[in-house]
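> For reference, the sequence and a predicted model appear below.
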Amino acid sequence: MNKDKKIRVTVYCLAFNHANYIEQTIEGFLSQNTNFSVKFIIHDDASTDNTAEIIKRYEIQYPNLIHGIYQQENQYSKGAKILEKFILPHIEGDYVAVCEGDDYWSDSSKLQRQIDMLDADKNCFMSVHKTKEIYENGAPTGVYFPNESLETGIIKRDEFLKLRYGFHTSSYVFRKNEWIEYISNPPSFKLTYGVGDVPYLLYFGSLGNVAYIEREMSCYRRGVITSWSVQHAKSNIESLANHASQIYKMYVEFDKYTDGRFKEICRSREAVYKMQEAVLLKKPRELITAKYRKLIPYLPISRKMFLALSLFAPRAMREMYMKHLESNNNKWLKERR
């Protein structure tokens with residue numbers, strides 16, 4: 001890593017009770033081979049284990065690379081805007097990258113490859129790449145993000161927005177000015193959805209093209225007790241329905257935010273998530289009311305059939321849908337016990 005030239009990339013890392021993983025995360029940062037300088041900001045949100053001590057040890061060893069921020073009280077639980085209040089003031093350079101404290105970068109060429117692609121195309125505002133999912137103990141789950149093979153190259157805006165957003169946050173690199181605007185003045189659709197990855201992809205995807213690299217360069221650790229994925233997997237029917245409702249509302253707001261430029265894409269997503277909410281709450285007839293009937297043509301054939309059956313047997317179809325969700329979650333929940 002070049003330590004002499006002006007900083008071009010700031011990487012931020014949010015950590016909380018990640019003592020078992022943060023060292024691997026930081027080593028992934030330090031392994032990067034670049035022809036530019038990088039700054040790493042690691043924010044510890046008042047961990048109750050020794051996460052902060054590990055970060056401090058690395059900060060002392062690499063004072064020109066690592067900048068630690070240590071909270072005495074947990075800011076997330078207070079509803080603090082952590083990125084805006086604590087991270088943004090320290091951002092430098094042309095680009096911003098992200099990696100959570102329980103994930104890690106597995107390829108020393110990651111940043112260089114992504115910055116090279118962004119430098120080459122000024123109409124690209126974001127870069128992503130393939131990510132491997134692993135269990136809490138480091139064993140692979142066999143899942144990758146995205147869950148389909150894509151060619152390395154530039155994904156045009158409309159094509160990117162049609163994708164199912166199987167890109168993990170550990171692969172994100174943004175242009176700094178656009179990232180600052182997103183954090184400082186969050187769009188309306190971001191405020192309707194509590195998890196930040198999909199709004200990021202919608203926002204940056206709507207700005208222009210996205211650079212993609214079909215190369216596994218980071219690992220997402222699924223099943224960590226402090227992660228959203230664990231909490232979501234344990235959710236009850238009402239909270240799952242609320243989650244589907246939030247995503248539905250997010251696409252409604254995104255459609256308004258973009259003045260209907262991506263109407264067809266938004267309608268197809270709205271239809272799927274409104275149907276999920278209706279099935280989970282045993283209210284499938286809501287979709288055939290005047291307000292939501294317009295969404296039915298946007299459902300895939302399989303979903304239309306599922307909806308039709310739900311109209312006659314709402315309880316049975318909800319149970320079937322819940323079994324489908326459980327089949328996706330129970331395997332890795334058992335592995336982490």
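Arrived safely, thanks for sending.
> Quickly list the domain ranges of the chain.
7-228, 234-335 (automatic domain parsing).
> could those be laid out in JSON lines, adding mean neighbour count and mean pLDDT?
(Each C-beta comes from the backbone N, C-alpha and C, glycine too.) Converted to JSON lines, the domains of the chain look like this (neighbours: other C-beta atoms under 10 Å; pLDDT from 0 to 100):
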{"stretch": "domain 7-228", "mean neighbour count": "18", "mean pLDDT": "94"}
{"stretch": "domain 234-335", "mean neighbour count": "16", "mean pLDDT": "85"}
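> can you map out the strands along the chain?
7-15, 37-44, 66-70, 95-98, 104-105, 124-134, 140-145, 153-155, 173-175, 209-221 (DSSP state E).
> of all the ones you listed, which lies closest to residue 304?
Evaluated over the strands of the chain, closeness to residue 304 peaks at strand 140-145, with 27.8 Å, by C-beta to C-beta.
> Now the residue positioned nearest the centre of the chain. Nearest residue, chain neighbours left out?
Against the mean C-alpha coordinate of the chain, by C-alpha atoms, centre = their mean, the closest residue is residue 197 at 2.8 Å. Distance criterion C-beta to C-beta, 6 or more residues apart in numbering; nearest residue to residue 197, sequence neighbours excluded, is residue 169 at 5.4 Å.
> For the stretch 201-337 of the chain, just list every one of the helices.
For the stretch 201-337 of the chain, the helices defined by DSSP state H, counting those that start in this stretch occupy 228-233, 237-257, 263-280, 301-312, 314-335.
> a markdown table please, covering those and showing distance to residue 53.
Supplementary listing: the helices of the stretch 201-337 of the chain in a markdown table, determined by distance: least, C-beta to C-beta, whole Å:
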| stretch | distance to residue 53 |
| --- | --- |
| helix 228-233 | 25 |
| helix 237-257 | 35 |
| helix 263-280 | 42 |
| helix 301-312 | 50 |
| helix 314-335 | 29 |
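> Which of those helices sits closest to residue 160?
Across the helices of the stretch 201-337 of the chain, residue 160 has its closest neighbour in helix 263-280 (10.1 Å, C-beta to C-beta).
> Convert the C-alpha atoms of the closest one to PDB, please.
Extracted in PDB, the C-alpha atoms of helix 263-280 (Å, rounded to 0.1, in the frame of the first residue of the first chain):
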ATOM      1  CA  LYS A 263     -41.800   2.800 -13.000                       C
ATOM      2  CA  GLU A 264     -41.800  -0.700 -14.400                       C
ATOM      3  CA  ILE A 265     -39.000  -1.800 -12.200                       C
ATOM      4  CA  CYS A 266     -40.600  -0.300  -9.100                       C
ATOM      5  CA  ARG A 267     -44.000  -1.900  -9.900                       C
ATOM      6  CA  SER A 268     -42.500  -5.400 -10.200                       C
ATOM      7  CA  ARG A 269     -40.900  -5.000  -6.800                       C
ATOM      8  CA  GLU A 270     -43.900  -3.400  -5.200                       C
ATOM      9  CA  ALA A 271     -46.100  -6.300  -6.400                       C
ATOM     10  CA  VAL A 272     -43.800  -9.000  -4.900                       C
ATOM     11  CA  TYR A 273     -43.500  -7.400  -1.500                       C
ATOM     12  CA  LYS A 274     -47.100  -6.400  -1.200                       C
ATOM     13  CA  MET A 275     -48.100  -9.900  -1.900                       C
ATOM     14  CA  GLN A 276     -45.600 -11.200   0.800                       C
ATOM     15  CA  GLU A 277     -47.100  -8.800   3.300                       C
ATOM     16  CA  ALA A 278     -50.700  -9.800   2.400                       C
ATOM     17  CA  VAL A 279     -50.000 -13.600   2.500                       C
ATOM     18  CA  LEU A 280     -48.200 -13.300   5.900                       C
END
